[in-house]
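Colleague: need a structure here:
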Amino acid sequence: MRDLLARAAALAADHRDSLAERPVAPAADLAALRAGFGGPLPTDPSPPADVLEHLARAAAPGLMATAGPRFFGFVIGGGLPAATAADVLAAGWDQNAFNAVLSPAAAAAEDVAGGWLKELLGIPAGATAGFVTGGQAANTVGLTAARHHVLAEAGWDAERDGLFGAPRVRVVASAERHATIDRALRLLGFGTAAVEEVAAGPQGAIDVADLVRVLAAGTGPAIVCLQAGNVNTGACDDLRAAREAAGDAWVHVDGAFGLWAAANPATASLLDGVELADSWACDGHKWLNVPYDSGFVFCARPDAHAAAFANRAAYLVGAGEVAGMGDLTPESSRRARGFAVWAALRELGRDGVAELVDRCCRLARRFAAALADGGAEIANDVVLNQVLVSFGGDARTDALVTAIQRDGTCWLGGTTWRGRRYVRISVSNWSTTEADVDRSAAAILRLAGLGQGLQ
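Modeller: Below you'll find the model as predicted:
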């Protein structure tokens, strides 16, 4: 085992060492990769060392350099050194982070890291903190706690009686909400038709005046979904004004990446009033740069959070009596994500987190300025780490995205916003430098100037 893990660590380190200069896109297509992984199921056992080498050879040409400094396609971090090493250690420890009985160490790490996260993100110290896979799970858990609370307030026990015959719950959300909100509503039995849509302003933040109008148009239990960090523009809702408009409704904030703006003094004002919400969703594998998968859900109403998820069984002594790890997330078996989160926060410290967020924002503005100087149209106010870029019509923009991905200097994707296609740039990696941005912008401008091939 010792030699095997040492070899695995060496292979992983070799991959990380290659990221600064290697092409960002994978070198092989799916058919070739399947052939490398494929063949008949072996009849006989194989030595673990041989299996590891085969895995490394088969995977190498299909690895996207998402952990590298020039991957801008989605809001994806790169795995800080200490966090990556902690994740490797966690895999070796093989802890089930269901509760403090199974892993006191995992419980302690999550408890401390959860407290640090709340302090950084401006979330009340008394809120619960659940460690989940990412934004989808965090939004689903937050909205499940919301469902419990608003229906309990209306005299209905959703956990016991389900939704058949329950009072109708109003779900009020922006027209530019993230798709994970809709999927959570499907999973929770509300359905997407439950959404009462609120208009979004010019940059994609919720229109508070329209929120007031929509809320006034109906009655009954209500959940209001707000956003910190529009997925296209980075715009943040006016959380304080929206919370005031929401009245007695449960307010959930989807802050998958934008919630980290609260940790940086230069951007914290964008999240003024964040502490007034009832639940929050956030990712660790985005701006905190923790390896996949890592997300957090926080709830200002611990009783509602635990009531929605408490795991009760005869062999689980005390389950549900005091909210613990297993009462805050859907899984009964899960990896110990808290170790890597603790390591990332310990490595960076308060000032390091602020500097990471601030630097990514500055690099996004640098990216936008370089492309604008080269003739591109920048569609959004670059308030965080998101940049929307157009070089003309939709077909030309999509062709440019394909050309950029094939070129390999950097990797980014396209998006549709307000009926138009754009190149979408997300700057989220701890290792990205000004040189990486300048090199990537130059490649994009070079490819945009190729002429007829992009018409």
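
Colleague: contacts, neighbours, all on C-alpha from now
Modeller: Noted.

Colleague: any idea how far Arg170 is from Gly204?
Modeller: 22 Å (C-alpha to C-alpha, to the nearest Å).

Colleague: again with Leu4
Modeller: Distance, Leu4 to Gly204, by C-alpha to C-alpha: 50 Å.

Colleague: just Trp93 next, same as before
Modeller: To Gly204, Trp93 is 44 Å away according to C-alpha to C-alpha.

Colleague: So for these two, which sits in the more crowded spot?
Modeller: Shown here are Trp93 and Gly204; by other C-alpha atoms under 10 Å, Gly204 has more neighbours (25 against 10).

Colleague: where does Ala307 land in three-state SS?
Modeller: Three-state call for Ala307 (DSSP: H, G, I helix; E, B strand; the rest coil): helix.

Colleague: Was I right to think it contacts His148?
Modeller: Yes. Using C-alpha atoms under 8 Å, Ala307 is in contact with His148, at 7.5 Å.

Colleague: Can you identify each of the helices in this structure by residue range?
Modeller: 2-18, 30-37, 48-59, 81-93, 104-121, 135-153, 158-161, 179-187, 208-216, 239-246, 302-309, 338-373, 394-407, 434-448 (DSSP state H).

Colleague: and the residue nearest to Phe74 when sequence neighbours are not counted, what are its bridge partners?
Modeller: In space, and not counting its chain neighbours, Phe74 is closest to Ser426: 5.8 Å by C-alpha to C-alpha, 6 or more residues apart in numbering. For Ser426, the beta-bridge partners are Gln386 (DSSP bridges).

Colleague: Could you check how far Ser426 is from Phe71?
Modeller: Counting by C-alpha to C-alpha - Ser426 and Phe71 are separated by 8 Å.

Colleague: which residues do those two both contact?
Modeller: Leu412 (C-alpha atoms under 8 Å, 6 or more residues apart in numbering).

Colleague: Low-confidence ranges, this structure, go.
Modeller: 317-323, 450-455 (pLDDT under 70).

Colleague: Kindly recompute the last result at 50.
Modeller: Along the chain, segments meeting pLDDT under 50 span 318-320, 451-453, 455.

Colleague: what about the residue nearest to Phe74, distance to Asn385?
Modeller: If you measure Ser426 against Asn385 using C-alpha to C-alpha, the figure is 6 Å.

Colleague: what do these two both touch?
Modeller: Residues touching both Ser426 and Asn385 by C-alpha under 8 Å, 6+ apart: Ala364.

Colleague: Run a quick neighbour tally on Gly349.
Modeller: Gly349, neighbours per other C-alpha under 10 Å, totals 14.

Colleague: what's near enough to touch the residue lying closest to Leu102 once chain neighbours are set aside?
Modeller: Distances taken as C-alpha to C-alpha, 6+ apart put Asn96 closest to Leu102, at 6.3 Å, once the chain neighbours are dropped. Shown in contact with Asn96 (C-alpha under 8 Å, 6+ apart): 102-103, 333-336.

Colleague: at 10 Å instead, please
Modeller: Shown in contact with Asn96 (C-alpha atoms under 10 Å, 6 or more residues apart in numbering): 102-103, 106, 332-337.

Colleague: Check Ala145 too.
Modeller: The contact partners of Ala145, taken as C-alpha under 10 Å, 6+ apart, are 139, 250, 252, 278-279, 299, 301-309, 328.

Colleague: With Ser18 instead?
Modeller: For Ser18, counting by C-alpha under 10 Å, 6+ apart, the contacting residues are 65, 68.

Colleague: coming back round to it: can you give me phi and psi for the residue nearest to Leu102?
Modeller: Note on Asn96: its backbone torsions stand at phi -90, psi 110 [degrees, to the nearest 10].

Colleague: With Ala306 as the reference, measure out to the residue nearest to Gly201 when sequence neighbours are not counted.
Modeller: Of all residues not flanking Gly201 in the chain, Asp207 sits nearest, at 5.3 Å (C-alpha to C-alpha, 6+ apart). According to C-alpha to C-alpha, Asp207 and Ala306 sit 33 Å apart.

Colleague: So for the two, which sits in the more crowded spot?
Modeller: Ala306 (24 against 19).

Colleague: The closest residue to Gly255 other than its chain neighbours: neighbour count?
Modeller: Spatial nearest neighbour of Gly255, excluding adjacent residues (C-alpha to C-alpha, 6+ apart): Ala228 at 4.5 Å. Ala228 has 28 neighbours, counted by other C-alpha under 10 Å.

Colleague: Show the contacting residues for Ala228.
Modeller: So Ala228 contacts 205, 234-239, 253-262, 270-271, 274, 280-282 (C-alpha under 10 Å, 6+ apart).

Colleague: do the same with Gly155
Modeller: 149, 166-167 are the contacts of Gly155 under C-alpha under 10 Å, 6+ apart.

Colleague: returning to what we had before: so which of the helices of the chain comes closest to Thr416?
Modeller: Thr416 lies closest to helix 394-407 among those, at 9.2 Å (C-alpha to C-alpha).

Colleague: picking that back up, residues in a beta bridge with the residue nearest to Gly255, which ones?
Modeller: Ala228 has these beta-bridge partners by DSSP bridges: Cys236.

Colleague: distance of it from Arg335?
Modeller: Applying C-alpha to C-alpha, the value for Ala228 to Arg335 is 27 Å.

Colleague: Then Ala216?
Modeller: 44 Å.

Colleague: Narrow the contacts of Gly155 to just the buried residues.
Modeller: Neighbour-count burial (16 or more other C-alpha atoms under 10 Å) is assigned, among these, to His149.

Colleague: nearest to Ala354, of the contacts of Gly155?
Modeller: His149 (34.1 Å).

Colleague: what's the residue nearest to the closest one when sequence neighbours are not counted in contact with, if anything?
Modeller: Residue nearest to His149 in three dimensions, not counting chain neighbours: Ala304, with 5.7 Å by C-alpha to C-alpha, 6+ apart. Residues counted as contacts of Ala304 (C-alpha under 10 Å, 6+ apart) are 142, 144-150, 152, 310, 328.

Colleague: One more pass at 7 Å, please.
Modeller: For Ala304, the contact set (C-alpha atoms under 7 Å, 6 or more residues apart in numbering) comprises 145, 148-149.

Colleague: Kindly reformat these as CSV containing distance to Asp436.
Modeller: Shown next, in CSV, are these (distance: C-alpha to C-alpha, whole Å):
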residue, distance to Asp436
Ala145, 42
His148, 47
His149, 47
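
Colleague: Could you give the number of residues near the residue lying closest to Asp29 once chain neighbours are set aside?
Modeller: Once flanking residues are discounted, Asp29 sits nearest to Gly62: 7.2 Å by C-alpha to C-alpha, 6+ apart. Neighbours of Gly62 under the rule other C-alpha under 10 Å: 17.

Colleague: please begin residue numbering at 17 from this point
Modeller: Sure, I'll start counting at 17 from here, so that last one is Gly78.

Colleague: wait, Gly78 sits on Val40?
Modeller: No. At 10.7 Å, Gly78 does not count as touching Val40 under the criterion of C-alpha atoms under 7 Å.
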